[in-house]
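# Generate coordinates for the sequence data below:
(chains A and B)
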Number of protein chains: 2
Amino acid sequence: MKNILEAIPATLAQELFEDIVSSDQVRIERIVSRGHSSPAQGWYDQAQSEWVMVVRGRAVIAYPDKPPITLGEGDYVTIAAHEKHRVEWTAPDEDTIWLAVHY
Amino acid sequence: MKNILEAIPATLAQELFEDIVSSDQVRIERIVSRGHSSPAQGWYDQAQSEWVMVVRGRAVIAYPDKPPITLGEGDYVTIAAHEKHRVEWTAPDEDTIWLAVHY
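Next comes the predicted model:
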């Protein structure tokens, strides 16, 4: 048994990406952001679908062709394969813990 | 965007099982327990692997051949395909919200 809220480094120079489960069918990932956002240039464009939830913290996901969405604790969204997006903002004053399921 | 903590019925005669994502590769499910446990007889024996996390609440998962584990907020565990288990107990005084990924 592990806990998604624990074992977070004191210093996070970059976002932290860790696989929780990795199988042929699915990859479950924890992401920890501390005021980080996506690289300034360009969009994420992923071959797989992604279901993502904010477990703790706050974040804004932006899209090139629709309004950004603000996610708080428990909010989740599905990002279809090849749906361009970026993390526009995460809370600077607390850790934002994401759970992502790639499938 | 939806929220895993919301839209919980006032009355829960039985545990609530809801698919969040259902694809060929994976099924992501919310389960809400309010003092519920597994049927008294027998064990769950699932053909697929399951990764399960307690988002809110407290629960005990029991196994036929190893000690039970108590899960609180953020605790997660992987249950291998055909690993027999049951939910022995969930908190009677609050909702236990589970996130399960079947793969």
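
# List phi and psi for A:Pro39.
phi -50, psi 140 (degrees, to the nearest 10).

# now it: how far from chain B?
24 Å (Cβ to the nearest Cβ, to the nearest Å). All C-beta spots, glycine's among them, are computed from the backbone N, C-alpha and C.

# In terms of secondary structure, what does the host helix or strand of A:Glu18 contact?
Remark: A:Glu18 resides in strand A:16-22, with elements defined by DSSP states H and E. With contacts taken as 3 or more Cβ pairs under 8 Å, 6 or more residues apart in numbering or on different chains; DSSP states H and E, strand A:16-22 sits against strand A:27-33.

# how about the strand it packs on: buried residues?
Within strand A:27-33, the residues that qualify as buried are A:27-33, counting by 16 or more other Cβ atoms under 10 Å in any protein chain shown.

# who's in contact with stretch A:69-84?
A:43-61, A:63-65, A:85, B:1-6, B:20-21, B:55 (Cβ atoms under 8 Å, 6 or more residues apart in numbering or on different chains).

# An error on my part: the question was meant for stretch A:36-45.
A:12, A:14-15, A:64, A:82, A:84-90.

# Partner strands of the one helix or strand A:Thr78 maps to, with direction?
For A:Thr78, the host element (DSSP H and E) is strand A:75-79. Within its sheet, strand A:75-79 is paired with strand A:50-56 (antiparallel), strand B:2-3 (antiparallel), according to DSSP bridges.

# List the buried residues of it.
Result for strand A:75-79 [16+ other Cβ under 10 Å]: buried residues A:75-76, A:78-79.

# now swap in stretch A:14-28 and tell me
A:15-16, A:20-21, A:25-28.

# quick check, distance from that stretch to the centre of its chain.
Remark: stretch A:14-28 is offset 11 Å from the chain centroid, using Cα atoms, centre = their mean, to the nearest Å.

# for stretch A:72-83, same thing?
Counting by Cα atoms, centre = their mean, stretch A:72-83 comes out at 9 Å from the chain centroid.

# Could I get the average pLDDT for it?
Across stretch A:72-83, pLDDT averages out at 98.

# try stretch A:50-62
For stretch A:50-62, the mean confidence score works out to 98.

# rewinding a little: quick one: the strands paired with strand A:75-79 as JSON lines, columns for distance to A:Leu71 too.
Formatted as JSON lines, the strands paired with strand A:75-79 follow (distance: least, Cβ to Cβ, whole Å):
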{"stretch": "strand A:50-56", "distance to A:Leu71": "4"}
{"stretch": "strand B:2-3", "distance to A:Leu71": "9"}
